[in-house]
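Visitor: The amino acid sequence is not available; the structure is as follows:
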């Protein structure tokens, strides 16, 4: 099984910054843990892929949380990532699937909804978090993040993410690209870039054909010289642990903990992101009382 990874690059003499990623395994791991149906998998997978690329823009221990809150039946999509390529996420209602839309593709917009908002919270190790919020413009995820970058971060961008799902609901191919125009770019550069992106085939189809992230950018930028800066492995990795869950139980207070002992003779908790279950015996709960 090939390892998922992303590449960072610049082109057009440094005036354009680009990322491309293969995320098939990452999205499959999320699907398996969340038991998402096909349309929900596509929505979650696109969000995870974009979150991975946004995480790659960070440094050190910085992290990012993304929320897509539309008025569709899957409810909120929540994902977080960091500069190390670790990503996790979940969707509120995973058992959502529809017939293909008129373009013959998974109807992500119907699942997500066409009204709502995207929120991005960055923890850059400072006292205050950076928070950006924009409305959902299509529900297709990629277009919504393209609008987010242009409006909230004031960076002209193009975001593309795609997921192909097998008949058994497992993930066949997933990946994405993110292209940003830096200050000082010439108008003819922007015009050429817009044409290249408009004519670009579906990203998930290229990944199914075996394209690497490097080849995706080479196909996108054509004859233009690309300066590849870094390669970063990406994976689904959760931050949960029994210790973290224990700290959350402690925060409930002694009265609540005693009720768990008396009524349930123990406790069971599961992580929203990875669905890992943690069990606490009566003795362990007794030790958590302060």
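Guide: It's in. For clarity, every value in this text was computed on a predicted model and none was experimentally measured. Numbering: from 1, shown residues only.
Visitor: Residue 151: neighbouring residues, count only.
Guide: 15 (other Cβ atoms under 10 Å). Every C-beta, even on glycine, is put in place using the N, C-alpha and C of the backbone.
Visitor: Next one: the spatially closest residue to residue 276 that is not a sequence neighbour, what pLDDT does it get?
Guide: Of all residues not flanking residue 276 in the chain, residue 240 sits nearest, at 6.0 Å (Cβ to Cβ, 6 or more residues apart in numbering). Per-residue confidence (pLDDT) for residue 240: 84.
Visitor: Please determine how far residue 240 is located from residue 89.
Guide: Look at residue 240 and residue 89: by Cβ to Cβ, to the nearest Å, they are 13 Å apart.
Visitor: residues shared between the contacts of the two?
Guide: Common neighbours of residue 240 and residue 89, using Cβ atoms under 8 Å, 6 or more residues apart in numbering, are residue 273.
Visitor: neighbour-wise, which of those two wins?
Guide: Per other Cβ under 10 Å, whichever of residue 240 and residue 89 has more neighbours is residue 89, with 29 against 17.
Visitor: Which other helices and strands does the host helix or strand of that one contact?
Guide: Assessed by DSSP states H and E, residue 89 sits inside strand 86-91. Packing partners of strand 86-91 (3 or more Cβ pairs under 8 Å, 6 or more residues apart in numbering; DSSP states H and E): helix 24-34, helix 38-55, strand 76-82, strand 235-236.
Visitor: Among those, show me which one is buried the most.
Guide: Greatest average neighbour count among these goes to helix 38-55 (a mean of 29), per mean count of other Cβ atoms under 10 Å.
Visitor: how much does it deviate in direction from strand 86-91?
Guide: If you take axes from the mean of the first three to the mean of the last three Cα atoms, to 10 degrees, helix 38-55 sits at 150 degrees to strand 86-91.
Visitor: helix or strand right after helix 38-55?
Guide: Assigned by DSSP H and E, the successor of helix 38-55 is strand 63-70.
Visitor: Now do the residue nearest the centre of the chain, the pLDDT please.
Guide: The chain has residue 48 as the residue nearest its centroid, 1.8 Å off, counting by Cα atoms, centre = their mean. You'll see residue 48 listed with a pLDDT of 98.
Visitor: again, but for residue 1
Guide: pLDDT, residue 1: 63.
Visitor: what about the residue nearest to residue 276, is that helix, strand or coil?
Guide: coil (DSSP: H, G, I helix; E, B strand; the rest coil).
Visitor: quick one, strands of the stretch 51-200 of the chain?
Guide: Listed in chain order, the strands of the stretch 51-200 of the chain (DSSP state E, counting those that start in this stretch) span 63-70, 76-82, 86-91, 116-123, 130-135, 157-165, 171-181.
Visitor: what are the phi and psi angles of residue 278?
Guide: For residue 278, the backbone dihedrals are phi -120, psi 140 (criterion: degrees, to the nearest 10).
Visitor: for the protein, which spans come out with low pLDDT?
Guide: Segments of the chain classed as low confidence (criterion: pLDDT under 70) are 1.
Visitor: what do you get if the cut-off is 80, keeping everything else the same?
Guide: The chain contains residues with pLDDT under 80 at 1, 124-128, 185.
Visitor: Could you break it into its assigned domains?
Guide: As recorded under automatic domain parsing, the domains making up the chain are 5-236, 242-288.
Visitor: how long is the last one end to end?
Guide: According to Cα to Cα, to the nearest Å, domain 242-288 extends 12 Å from its N-terminal end residue to its C-terminal end residue.
Visitor: got it, and the longest one?
Guide: Between the opening and closing residues of domain 5-236 lies a distance of 12 Å (Cα to Cα).
Visitor: Quick check: chain neighbours aside, which residue is closest to residue 80?
Guide: residue 65 (4.4 Å).
Visitor: Sorry, wrong one. I was asking about residue 225.
Guide: residue 11 (6.6 Å).
Visitor: Could you double-check that that neighbour sits in contact with residue 223?
Guide: No - counting by Cβ atoms under 8 Å, residue 11 does not reach residue 223; the two are 10.6 Å apart.
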